[in-house]
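Q: Structure for the following, please:
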Amino acid sequence: MSIFVLIKQTFDTEEKVVLTDGVLSEDGVKWVINPYDEYALEEAMRWKEAHGGTVTVLTAGPERSQEALRTALAMGADDAIHIVPPEGRGTSDDEYIVSSWIASILQEQQPDIIFGGHFSVDQGSAQVAVRVATLLNMPHVSAITGLERTGDSLVQVQRDAEGNAELLDVSLPALFTAQQGLNEPRYPSLPGIMKAKRKPIRVVSAAELSQEAALEPRTERLALEPPPPRQAGRMIAGDAAAQVQELIRLLHEEAKCL
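A: Residues are numbered from 1 along each chain as shown. Alright, predicted model coming up:
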């Protein structure tokens with residue numbers, strides 16, 4: 001069985017975000033596998049241990065992204081593929097173009113099951129994996145918190161539905177995105193780290209992909225700004241009716257959210 005895991009390298013969640021002239025500073029930053037992708041990788045490893053197969057991790061990004069692939073290999077993945085953006089572009093956070101690159105690779109691989117994180121902690125759009133499933137014309141379930149094989153090509157999944165849980169029967173091949181609580185990711189072992197150093201990583205240039213793979217993004221980032229400093233709370237005087245009216249006025253005229 002061919003199992004693929006989509007991963008992304010992101011800031012360590014403990015890092016302090018620093019913006020310089022509207023650009024995210026990477027000086028001295030620690031990079032890690034996106035935490036939600038770790039749940040996806042752990043689930044892929046458990047699936048392999050229970051049902052057999054091979055686990056391949058796939059990422060798109062700059063050269064430093066191979067650090068995340070090496071970590072995934074140390075955790076037990078068998079193979080790794082690195083999609084390199086066109087020269088001069090560095091990386092792209094455009095979900096349209098990244099999902100196009102990934103789908104182009106997966107189209108040739110024909111995986112039986114694909115795992116990904118529910119969203120990345122840097123962008124938080126929860127789009128890439130779902131776009132990939134759409135491009136592959138493959139069923140998908142997002143934010144899963146449970147997965148059980150019920151037949152040769154049938155699984156039952158539990159997904160988080162904003163505080164509730166949904167149970168769904170899904171036929172393979174299919175794509176699933178992992179929500180927090182699905183499992184507890186393992187740590188790379190020392191033997192795994194040593195083996196990972198010797199495992200080859202397949203490097204693919206985005207420019208070499210099929211003609212269906214997009215090279216031009218559909219979105220452009222115009223600005224990146226930190227949130228405004230948190231202000232002190234305000235007390236609204238008067239009875240309940242007067243407080244409600246004043247609150248509505250403040251939300252409309254000052255907060256601009258109504």
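
Q: to the chain's geometric centre, what's the distance from the helix with the most length in the chain?
A: As assigned by DSSP state H, the longest helix anywhere in the chain is helix 35-51. Put simply, helix 35-51 sits 14 Å off its chain's centre (Cα atoms, centre = their mean, to the nearest Å).

Q: Output it in PDB, but only the C-alpha positions, please.
A: This file holds the C-alpha atoms of helix 35-51, laid out as PDB (Å, rounded to 0.1, in the frame of the first residue of the first chain):
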ATOM      1  CA  PRO A  35       2.600  20.400  14.300                       C
ATOM      2  CA  TYR A  36      -0.600  19.300  12.500                       C
ATOM      3  CA  ASP A  37       1.500  17.500   9.900                       C
ATOM      4  CA  GLU A  38       3.200  15.600  12.700                       C
ATOM      5  CA  TYR A  39      -0.200  14.100  13.600                       C
ATOM      6  CA  ALA A  40      -0.600  13.200   9.900                       C
ATOM      7  CA  LEU A  41       2.800  11.500   9.800                       C
ATOM      8  CA  GLU A  42       2.200   9.600  13.000                       C
ATOM      9  CA  GLU A  43      -1.100   8.300  11.700                       C
ATOM     10  CA  ALA A  44       0.600   7.200   8.400                       C
ATOM     11  CA  MET A  45       3.200   5.400  10.500                       C
ATOM     12  CA  ARG A  46       0.500   3.600  12.500                       C
ATOM     13  CA  TRP A  47      -1.300   2.700   9.400                       C
ATOM     14  CA  LYS A  48       1.900   1.200   7.900                       C
ATOM     15  CA  GLU A  49       2.600  -0.800  11.100                       C
ATOM     16  CA  ALA A  50      -0.900  -2.200  11.200                       C
ATOM     17  CA  HIS A  51      -1.600  -2.800   7.500                       C
END
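
Q: Could you look up the next helix or strand downstream of that helix?
A: Sequence order places strand 54-60 as the next helix or strand after helix 35-51, per DSSP states H and E.

Q: Adjacent strands (with direction) for that following strand?
A: strand 2-6 (parallel), strand 79-84 (parallel) (DSSP bridges).

Q: Confirm for me that Asp93 is in contact with Gln123.
A: Yes - when contacts are counted by Cβ atoms under 8 Å, Asp93 is listed as touching Gln123 (5.6 Å). C-beta: built from backbone N, CA, C; applies to glycine.

Q: Output the below-cut-off pLDDT ranges for the stretch 151-258 of the chain.
A: Residues of the stretch 151-258 of the chain that meet the criterion pLDDT under 70 lie in 211-213.

Q: Beyond the longest strand belonging to the chain, next helix or strand please.
A: Longest strand of the chain, by residue count under DSSP state E: strand 140-151. Sequence-wise, the next helix or strand downstream of strand 140-151 (DSSP H and E) is strand 154-161.
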